[in-house]
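Peer 1: Take this sequence and fold it.
(chains A and B)
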Amino acid sequence: MSGRPIGGTGGGIRRIAARVPLPEWAAIVIAAVALAIGPAAVLGYGRWASRDVITIRALQSGYEPKTVYLTAGVPAHFRLISEDVTHGFAVDGLDVRVDDLLPGHAVDITFTPREAGTYDFTCTRYCGTNHGLMFGQIIVRPTQLPQR
Amino acid sequence: MSVENRPTKAADVGAAAPALPAVRPEVILGAIPLASRFELTRISLVRRLLRSRWTTFLPTAANLFLFVIILLAGVVGTPVGNANIAIVFIWILWWSALMLLLVPFGSRIWCGLCPLPVLGEWLQRRAMVQRGGRPTGRAWKWPKRLRNMWLVNGVFLGVAVFSGIITTRPWATVALLGTIMVLSTGLFLLYERRTFCRYLCPVGGFLGLYANFAALEVRPKSAAVCVGHKEKECILGSAAGYGCPWLEQPTNLKRNTYCGMCFECFRTCSKENMGLFLRPFGTDLLVESHRGPDESWKAFIMLGAAAAYSATMMGPWGTLKDWANVRSFGGWALFAGGLVALLLVGLPALHGAFAWLSWRLAGRPVPLRRVFVNFSYHLVPLGLLAWIGFSFAILLPNGSYIPRILSDPFGWGWNLFGTAHLAWTPVLTAWLPLLQAASLLLGFVYSLEIAWKIARQTFKGSREAARAVIPQVVLLGGVTAAFLWLFVG
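Peer 2: Down below sits the predicted model:
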């Protein structure tokens, strides 16, 4: 099946496009979905579905990110992921503690910091010689009231 | 049964039942006539599917989509193997599917749907589904000296020595797959048709050898029609399709080794003389033409690799695991050197010793080389069934990762389909030793059967064959016992 030729003085692209049969166009679209659009859609949807989540990765070299900013009174959704060995996660001064952060198992937690301040978080498991580097800070800012 | 009742040439080429001679049929396992065939292309839906170009394109495109996700996961996903789609889909799902289903029941059907060479093929053809015009690239012919499995064996070994890393680290899996894709694309632009798949792909080599055991084949329905049909569209191509991309002569297909199940010959044959047949397992192992030491070594490599991986991945030897995982260069060097020595020298030497015994016992009526090569093919059923046993041990304990990974392919804590939090659940693992032992015993029995038939094929007299097969029975028994010890001991 061949495409309908396009007349006039159209550019080379239009002439080439006209020579490509319809089934080949369908195949090009399917291949584009397979190669780019589909994977981009998966990535986009996954990120969109996790848009309100703060992901903290635990590695033997430390946490990523090391500093997290929250707002007092606003619920925070944390996703804790270990990327190597079993770690833990505890926030001093907030009632947050996860002792078994297993590699490959994301742990979702939700909590609401009530008061502004700086809170330290550390690893609760001895996870190797760099265990001492496993720390970070949560900085809770005061609630911003709308100004009149 | 006498030697004269061996399959005839007509049976060798898989001709349909009417072409068979009226002699007492050769049977396998004492019950199944070796020449029995069920032609799937008698079903009009199958016929129409195989003639459609979309039948190959659509599954390949779906695989390409998965492949891109896997590539992304290897680059940006979690490094934790069991939480990354690259490891779970390639080494748990794909590998198990290949060994348990695709190869035994579909021959090289995977090759027809493989996404790795497809970009190169599309570029070469300048088309995706339609019959393209003049091909892109140089279309060089592969050097004659390399038209065998030796290079494939070498590439496979090169990958096998890094198996500890490749099967556990997503980045390593993706580096391997990416390299294959880039290399294949380049070679498609330099060499004609599917030269890469035939002579270089590390997966294609063992698929080709084990496809000879498969219960599926593409063959001409009638040899006479092919002889009378001078156009040879299946070789040269036509407006409806390409000449055999695998550089085979479909008119004269005797074995599955290099038939990539792309079904191009169904599209080009204007006589509709190509058929897809179900057949007894192991049929092609009895086709003597085209046998060679390159394929013998492939059989040794695959059998030895099954044992080595079982010992490394499932055995109680932590040191061996550390060596394979490259914890230290010295340890890895020992592992790699030992593996290569076992696969290239140890197993062939062991087989050679038993082949020599067979040759002596039979009175040395044929060259030793022929005995060595011929008898290596009876290792194929046992090798494949050992891989099936190995695959059970991969799939049953780890299969529950698959639905989890679907929801969270990158290990980022997503839950796309609500299955991310399914607990790791080993399935039927209480049955695992039984399944593995049953696989091995089936492989042993089938290998014995093939060994006996090869003995009768190789030696003229039944008494010579009976004497020659005795060492082979001992060898197969020993190998089976070794695998039983590895699996359930």
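
Peer 1: Any part of stretch B:62-77 near chain A?
Peer 2: Yes - under the criterion of CB under 8 Å from any CB of the partner chain, stretch B:62-77 makes contact with chain A via B:62, B:64, B:65, B:68, B:69, B:72. Glycine gets a C-beta too; all of them are placed from N, C-alpha and C.

Peer 1: Contacts only, for the last one.
Peer 2: I take that to be residue B:72. The contact partners of residue B:72, by CB atoms under 8 Å, 6 or more residues apart in numbering or on different chains, come to A:39, A:43, B:410.

Peer 1: Of the residues you listed, which is the most crowded?
Peer 2: When neighbours are counted by other CB atoms under 10 Å in any protein chain shown, residue B:410 leads those with 23 neighbours.

Peer 1: what about the residue nearest to it when sequence neighbours are not counted, how many neighbours?
Peer 2: Nearest non-adjacent residue to residue B:410, counting by CB to CB, 6 or more residues apart in numbering or on different chains: residue B:77, 3.7 Å away. Per other CB under 10 Å, the neighbour tally for residue B:77 reads 24.

Peer 1: re the thing from before, inside helices: which ones of the residues of stretch B:62-77 next to chain A?
Peer 2: Among those, the residues falling in helices (DSSP state H) are B:62, B:64, B:65, B:68, B:69, B:72.

Peer 1: OK, contacts around the spatially closest residue to the first one that is not a sequence neighbour?
Peer 2: Excluding its sequence neighbours, the residue lying closest to residue B:62 (CB to CB, 6+ apart) is residue A:34, at 7.1 Å. Contact analysis of residue A:34 by CB under 8 Å, 6+ apart lists B:61, B:62, B:64, B:65, B:68.

Peer 1: Buried among the residues you listed? Need that as a selection in PyMOL.
Peer 2: To isolate the buried members of these in PyMOL, using 16 or more other CB atoms under 10 Å in any protein chain shown:
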select buried, chain B and resi 61+62+64+65+68
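
Peer 1: near chain B, which residues of chain A?
Peer 2: Counting by CB under 8 Å from any CB, chain A sits next to chain B at A:21, A:23-24, A:26-28, A:30-31, A:33-36, A:38-39, A:42-43, A:45-46, A:49-50, A:53, A:55, A:79, A:81-84, A:103-106, A:108.

Peer 1: Show me those that map onto helices.
Peer 2: Filtering the residues of chain A next to chain B for helices - DSSP H - leaves A:23-24, A:26-28, A:30-31, A:38-39, A:42-43, A:45-46, A:49.

Peer 1: Just the buried ones from those, in PyMOL syntax?
Peer 2: Under the burial definition 16+ other CB under 10 Å, those of those that qualify are selected in PyMOL by:
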select buried, chain A and resi 23+24+27+30+31+38+39+42+43+46
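
Peer 1: Residues of the stretch 351-489 of chain B that sit close to chain A?
Peer 2: B:408, B:409, B:410, B:411, B:412, B:413, B:414, B:415, B:416, B:420.

Peer 1: again, only using 7 Å
Peer 2: B:411, B:412, B:413, B:414, B:416 (CB under 7 Å from any CB of the partner chain).

Peer 1: low-scoring stretches of chain B, by residue?
Peer 2: B:1-25 (pLDDT under 70).

Peer 1: 90 - rerun?
Peer 2: Low-confidence segments of chain B (pLDDT under 90): B:1-26, B:28-31, B:130, B:132-135, B:288-290, B:314, B:421-424, B:460-461, B:489.

Peer 1: residue farthest from the centroid of it?
Peer 2: No residue in chain B sits farther from the centre than residue B:413, which is 36.1 Å out by CA atoms, centre = their mean.

Peer 1: hang on, isn't it packed against residue A:81?
Peer 2: Yes - using CB atoms under 7 Å, residue B:413 is in contact with residue A:81, at 5.9 Å.

Peer 1: ok, the closest residue to chain A within the stretch 351-489 of chain B - contacts?
Peer 2: Nearest to chain A in the stretch 351-489 of chain B, going by CB to the nearest CB, is residue B:413, at a distance of 3.1 Å. Applying CB atoms under 7 Å, 6 or more residues apart in numbering or on different chains to residue B:413 gives the contacts A:55, A:79, A:81, A:106, A:108.

Peer 1: Which PyMOL command selects the buried ones in those?
Peer 2: Buried subset of the contacts of residue B:413, written as a PyMOL selection, criterion 16+ other CB under 10 Å:
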select buried, chain A and resi 55+79+81+106
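
Peer 1: now, which of the contacts of residue B:413 sits nearest residue B:160?
Peer 2: Relative to residue B:160, the closest of the contacts of residue B:413 is residue A:81; by CB to CB it sits at 32.1 Å.

Peer 1: Give me the domain ranges for the chain.
Peer 2: No chain was given, so I picked chain A. Using automatic domain parsing, the domains assigned to chain A come out as A:12-49, A:53-141.

Peer 1: The chain in question should be chain B.
Peer 2: B:3-33, B:41-284, B:296-405+B:419-488.

Peer 1: Is it possible to get CSV of these that adds distance to residue A:124?
Peer 2: Shown next, in CSV, are those (distance: least, CB to CB, whole Å):
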stretch, distance to residue A:124
domain B:3-33, 61
domain B:41-284, 20
domain B:296-405+B:419-488, 22
